[in-house]
Structures are given as C-alpha cells and as structure tokens.
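Trainee: everything below, folded, please.
(chains A and B)
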2 protein chains.
Amino acid sequence: MTTSSIAGVTVTTQANVYFDGKCVSHGITFADGTKKSVGVVLPAELTFGTAAPEIMECVGGACEYRLAGTDAWVKSSAGEQFSVPGNTKFDIRVTAETGPYHYICHYG
Amino acid sequence: MTTSSIAGVTVTTQANVYFDGKCVSHGITFADGTKKSVGVVLPAELTFGTAAPEIMECVGGACEYRLAGTDAWVKSSAGEQFSVPGNTKFDIRVTAETGPYHYICHYG
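Mentor: Residues are numbered from 1 along each chain as shown, chains lettered A, B, ... in the order given. Got it, this is the predicted structure:
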C-alpha cells in the first residue's frame, strides 16, 4: 500500500533540483519539527550521498538501487522502501520503461 | 517578498511530471479543500494549457511568460506573480542564466 498523501505539514515552496533536474524534491516539515521530502527521479542513473540515514519509500513507479559496498542492484517499487545508512553513497537507476520513481525520503 | 513555505497543508506524494520533467510539481490541499501546487520549471520553453484561471507566483529564480494573443514576453521574478485566464494557453521560457523558475500555482 502506498502513501498517497501526507497531512498536516508545512511545505517549502522552493524545490530542490539535483543533477540538472533528474531529481526534484520539495521539503516538508511536520508539526513536531520532523523533516522529510517528497520527490521524483526521472529516467537516469545517479549517485546520491547521505548525511543522516535515510529511508526511501516508493510511492509510484520504480527504481533499482545499489548500496555502497555491494554489487547488487535491487528493485524498489510502489509500496516498498529501502534504508540507507548515514554518511555513505548509493546509486539509483530509473528506466524509461518503469517511468519516474516517486518517493518520500524519511531522515534519521 | 517571497512565500518561502506554506503551513497546514496536505501534500500529494506523487509528483506531476510534465514535458519529460522540464516541469515538476507537487499538489497541496488546504484544510478548506483549496488546491494549489508548488513546482519548478527548468531551463526550457514550454506551452501550458489552463482549465481554471491560474495565478503563477514566483518564489525563486525567474521566467518570461507570454499570454495567448500577445507578442510580448514579460519577465516574472521572485516575489512577483502573473494571472492567466481559464481555458487558454501560455508560454513560459526559462534560461540557464536565471536558473530554475520556482512557483506556487493558485487556481480559480
């Protein structure tokens, strides 16, 4: 089951644009101060760095990801999530076949 | 003065991806049911169609727009807005120099 909407948040109006727009997200802040972001990755293969640990929850489309120190590409589709440690890198690839990968990024 | 954040909303987690990602937005819904969107246009020249009238409020970067039936390109920068009637088309162009055009789209 996918998370189609998130209520009771403050949205940052200016988007975060990464990799010339291959990844675009908007930050959201909850009443308790918790920050997350909602975003989309277009067809591309990208390498992201983390500061805090992240949980990437797929809410539409699909991607394959590869964590640092592993050789395996693992698929993540709508309703699924994967965890990435802090202070590391991970690869995401999105194909034209599956279309954009829509996600919620949970931190910490 | 720009609107940097919007409080008390429900955000739709799946992005709207237009023109192969040259425009990406996320829908937001207010407690009273009012819908708006927050989005970004990357460097490109695009033609949008409207259903309801729209007010495009710039919250970062800049664009030039041209309304249907006019020849003039008009600049819109952070803190400025422009209105588009319903059931029409308008052109937006964003250059690499000004960078992405970040906006809030108000309907109705």
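Trainee: for chain B, what are the nearby residues on chain A?
Mentor: Chain A comes close to chain B at residues A:2-15, A:17, A:20-22, A:24, A:26, A:28-29, A:38-40, A:42, A:59-60, A:100, A:102, A:104, as judged by C-beta under 8 Å from any C-beta of the partner chain. Glycine gets a C-beta too; all of them are placed from N, C-alpha and C.
Trainee: what's around the closest residue to A:Gly86 other than its chain neighbours, how many residues?
Mentor: Once flanking residues are discounted, A:Gly86 sits nearest to A:Pro53: 4.4 Å by C-beta to C-beta, 6 or more residues apart in numbering or on different chains. Per other C-beta atoms under 10 Å in any protein chain shown, the neighbour tally for A:Pro53 reads 14.
Trainee: re the thing from before, which among the residues of chain A next to chain B end up buried?
Mentor: By neighbour count, with 16 or more other C-beta atoms under 10 Å in any protein chain shown, the residues of chain A next to chain B hold A:5-6, A:9-15, A:17, A:21-22, A:24, A:26, A:28-29, A:38-40, A:42, A:59-60, A:100, A:102, A:104 as buried.
Trainee: got a list of what A:Thr29 touches?
Mentor: Residues near A:Thr29 by C-beta atoms under 8 Å, 6 or more residues apart in numbering or on different chains: A:9-10, A:12, A:35, B:5.
Trainee: just to revisit the earlier point, wait, the residue nearest to A:Gly86 sits on A:Phe90?
Mentor: No - applying C-beta atoms under 8 Å as the test, A:Pro53 and A:Phe90 come out as separate, 11.3 Å apart.
Trainee: now the common contact residues for those two.
Mentor: A:Val84.
Trainee: circling back to that earlier point, tell me the two of the contacts of A:Thr29 that are most distant?
Mentor: Set against one another by C-beta to C-beta, these have their most distant pair in A:Lys35 and B:Ser5, with a gap of 11.7 Å.
Trainee: quick one: low-confidence ranges for chain A?
Mentor: Within chain A, no stretch has pLDDT under 70.
Trainee: does A:Ala96 touch A:Gly61 like I think?
Mentor: No - A:Ala96 is beyond contact range of A:Gly61, at 10.9 Å (criterion: C-beta under 8 Å).
Trainee: among the two, which residue is more densely surrounded?
Mentor: Higher neighbour count among A:Ala96 and A:Gly61: A:Gly61, with 23 against 10, using other C-beta under 10 Å.
Trainee: tell me how far the more buried one lies from A:Thr2.
Mentor: Per C-beta to C-beta, to the nearest Å, A:Gly61 is found 11 Å from A:Thr2.
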